[in-house]
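Visitor: give me a 3D structure for the following:
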Amino acid sequence: MTFIRYQLSQPAYVTCYMEGATTICNNGDFTPILNGANLSEAKFLLQQLITYAIDRGVAARKVEADLKNSQMRLKEVEDAAKIQEGLLTLVDTDQTEDVSTSGIMETSTMSIERPLSSDSALQSQSLSSQDGTTSTESNSPKSARASSVFGRLSASRRTYSGGIISNFSPKSARSPNTSSASSNGLQRSSSVRGGFTSTAGGINVESKLVTRSFIITAHSKSLLSTQLSGGLLLTGSKDRTAKIFDLNKQQEVSTLGQHINAVTNAKFIPNSDLVLTTSSYMAHIWDLRSSQCVTTLRSSGIVDHVEFNYGQPRSNVMPASECKIVAASVDPTGSLLFTSFERDIRIWDLRRLGENVTARCLNATKTAASEITCLSSTMNADQSGIRLYSGSKDHAVKVFDVPFEIHNGCDFEPVGESHLSHDVISAVVPFRDSFFVSSHDKSVAKYNGRDFERDYVSTSHSSSVLGMNLFRSPVTNEDLLISLDKKVMCFWDISGYKHQLLSKMSLNSEATCFATEPDPNCAISLATGHSNGTVELYRLKSE
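Guide: Modelled structure (predicted):
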């Protein structure tokens, strides 16, 4: 009653008609109304009161929501200011590093006939110095540190088993004398052989760590995927084919069919003679010994054992139950295959394809409208299963733990996630108890694998980062990370808490993908695929 009296006292005049008499109520005196109002008038007053109270409540909630939004925007602005301040600091640091390491980026002339031994490398340096093509190093502390790291790196590398790089030894595809014939085969090569073009007599790309050996004209269209393993090069291209090259013999080994569309992923399956390729909504498994497709997997989870149609025309039609396989990853043991399926990840047991055993990792993206862009897998800490990382277009990185033994139809939820990137995730590389993430926002960031928080971020690229991979010296145990954009390849020292830029190497043509060699006995350690259909091959310097 007190509340009603207060609400009715707000108008200056309250006029009501009761039993033929008119009473003008001033100064909040409602006694005539309360004593003489009939039921219809009381109902009207209560309706007005309820309407007024609802309006006031809605207005209060709106003000509260606006206040909360303002606070969130203020926090975002503060976070953005902190990030911008950090990026400006990094830019200043990178500019200082660029000045102090001006001798790191070099351009020299290198012949493919030169031996790959240490003496030959020193001889080539001497010849370059006589020609005046060798750049001088800066005497700054960062340059001296980079020189000391590069000076300890040798031409051989041990296999890294803690990340997405894994052991692979094709039994029948490799020649028996791979390690002994690798350097001799390169020494005996001519200027042009089987599509392999020497860099002799032309401008070569070289850094303190690697030097370009030769170029392969591999495809008629842009490359989309490359992988090195045991002296073999696997490529996938927009021309709908995948090819395998023997780098020791410098010749093409086989061409893997006419796919339904561009070959977006091409990967060796570890510990087997099998190769995986993906095109549109299909994933094909090939036998290296016969170059025949033995199994076709569909994105929806169907295993198709029908013979592969090698003469099929290009098709952009997508069946209703299928979607494009954008990303794929094989675990280091070769037991499980992971393929993207809309916002989920399909898991295939490669040991039981005949039984069609599949599972799923759910909610790999923040929204259903997003798309997975990259996948990588490694052994988990206790070696009991696989830790799977996924990146997506909605800037999210999700982490899953998958056991080796999966049951048909089982689902796995993320065990961790991070949303600190500001653009599409292009690659995730696991490393020890952390992982590195590259993005189209030109950044390379390091994340803690325990709490999934970002430890450090650097922006040394001038365009979107296309991919990353690991590089390692067997002598010094120096861990290096390579990141690639269209024109520049960056080498990072990741042995410490923060990843430090060691070297930048410019490329002659637009790059689209790259790969590193896990076998330390192979002469070629790095390959870059390009939009003009060529593959540039690099070897580690021996000094």
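
Visitor: which helices and strands does the longest helix seen in the chain pack with?
Guide: In the chain, assigned by DSSP state H, the helix with the most residues is helix 39-100. In terms of contacts (3 or more CB pairs under 8 Å, 6 or more residues apart in numbering; DSSP states H and E), helix 39-100 is packed against helix 2-8, helix 141-152, strand 454-458, strand 500-506. The way it works is simple: take the backbone N, C-alpha and C, and place the C-beta from them, glycine included.

Visitor: least confident of the ones you listed, on average?
Guide: Looking at the helices and strands packed on helix 39-100, the lowest mean pLDDT belongs to helix 141-152 (a mean of 40).

Visitor: which parts of the stretch 301-450 of the chain are strands?
Guide: Ranges of strands in the stretch 301-450 of the chain, per DSSP state E, counting those that start in this stretch, are 303-304, 328-330, 336-341, 344-349, 358-361, 372-379, 385-392, 397-403, 411-412, 416-418, 425-431, 434-439, 444-448.

Visitor: the last one - contacts with which helices or strands?
Guide: Yep, that's strand 444-448 we're talking about. On a contact count with 3+ CB pairs under 8 Å, 6+ apart, strand 444-448 meets strand 434-439, strand 454-458.

Visitor: direction included, what does the helix or strand following the shortest one pair up with?
Guide: This points to strand 454-458. Moving toward the C-terminus from strand 454-458, the next helix or strand (DSSP states H and E) is strand 467-472. Strand 467-472 pairs in its sheet with strand 479-484 (antiparallel), by DSSP bridges.

Visitor: just the CA trace of the strand it pairs with, in PDB.
Guide: Written as PDB, here are the backbone C-alpha positions of strand 479-484 (Å, rounded to 0.1, in the frame of the first residue of the first chain):
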ATOM      1  CA  ASP A 479      66.500 -27.000 -31.800                       C
ATOM      2  CA  LEU A 480      65.400 -24.800 -34.700                       C
ATOM      3  CA  LEU A 481      61.900 -23.800 -36.000                       C
ATOM      4  CA  ILE A 482      61.400 -22.800 -39.600                       C
ATOM      5  CA  SER A 483      58.400 -20.600 -40.600                       C
ATOM      6  CA  LEU A 484      57.500 -19.700 -44.100                       C
END
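
Visitor: can you list the residues that contact that strand?
Guide: Around strand 479-484, the neighbours that count as contacts under CB atoms under 8 Å, 6 or more residues apart in numbering are 209, 429, 431, 436, 438, 444, 461, 465-473, 489-495, 499, 502, 511, 513-514, 516, 526, 528.

Visitor: quick one on the thing from earlier: let me know which of the helices and strands packed on strand 444-448 is the nearest to residue 71.
Guide: Ranking those by proximity to residue 71 (CB to CB) places strand 454-458 first, at 23.3 Å.

Visitor: what's in contact with the closest one?
Guide: In contact with strand 454-458 (CB under 8 Å, 6+ apart) are residues 86, 90, 94, 418, 420, 434, 443-448, 492, 497-499, 501.

Visitor: one more pass at 7 Å, please.
Guide: The contact list for strand 454-458, computed with CB atoms under 7 Å, 6 or more residues apart in numbering, reads 90, 418, 420, 443-448, 497-499, 501.

Visitor: export those residues as TSV, with columns for distance to residue 75.
Guide: Below are these laid out as TSV (distance: CB to CB, whole Å):
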residue	distance to residue 75
90	23
418	18
420	14
443	21
444	26
445	21
446	24
447	22
448	22
497	27
498	26
499	28
501	31
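
Visitor: so how do I select the buried members of those in ChimeraX?
Guide: Isolation of the buried members of the contacts of strand 454-458 (16 or more other CB atoms under 10 Å) is achieved in ChimeraX through the command below:
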select :90,418,420,443,444,445,446,447,499,501
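
Visitor: the contacts of strand 454-458: which two are farthest apart?
Guide: Maximum pairwise distance in the contacts of strand 454-458, criterion CB to CB, is 22.6 Å, between 418 and 501.

Visitor: show me where pLDDT drops low in this protein?
Guide: Applying pLDDT under 70 to the chain picks out residues 1-37, 86, 89-207, 473-477, 542-543.

Visitor: pretty sure residue 221 is touching residue 241, no?
Guide: No: Residue 221 is beyond contact range of residue 241, at 9.3 Å (criterion: CB atoms under 7 Å).

Visitor: between these two, which is the more surrounded one?
Guide: Comparing residue 221 with residue 241 by neighbour count (other CB atoms under 10 Å), the higher total belongs to residue 241, at 22 against 14.

Visitor: wait, isn't the more buried one in contact with residue 260?
Guide: No: judged on CB under 7 Å, residue 241 makes no contact with residue 260 at a distance of 11.8 Å.

Visitor: count of neighbours near residue 324?
Guide: Neighbour count for residue 324, taken as other CB under 10 Å: 17.

Visitor: return the most buried member of the helices and strands packed on strand 444-448.
Guide: Greatest average neighbour count among the helices and strands packed on strand 444-448 goes to strand 434-439 (a mean of 24), per mean count of other CB atoms under 10 Å.
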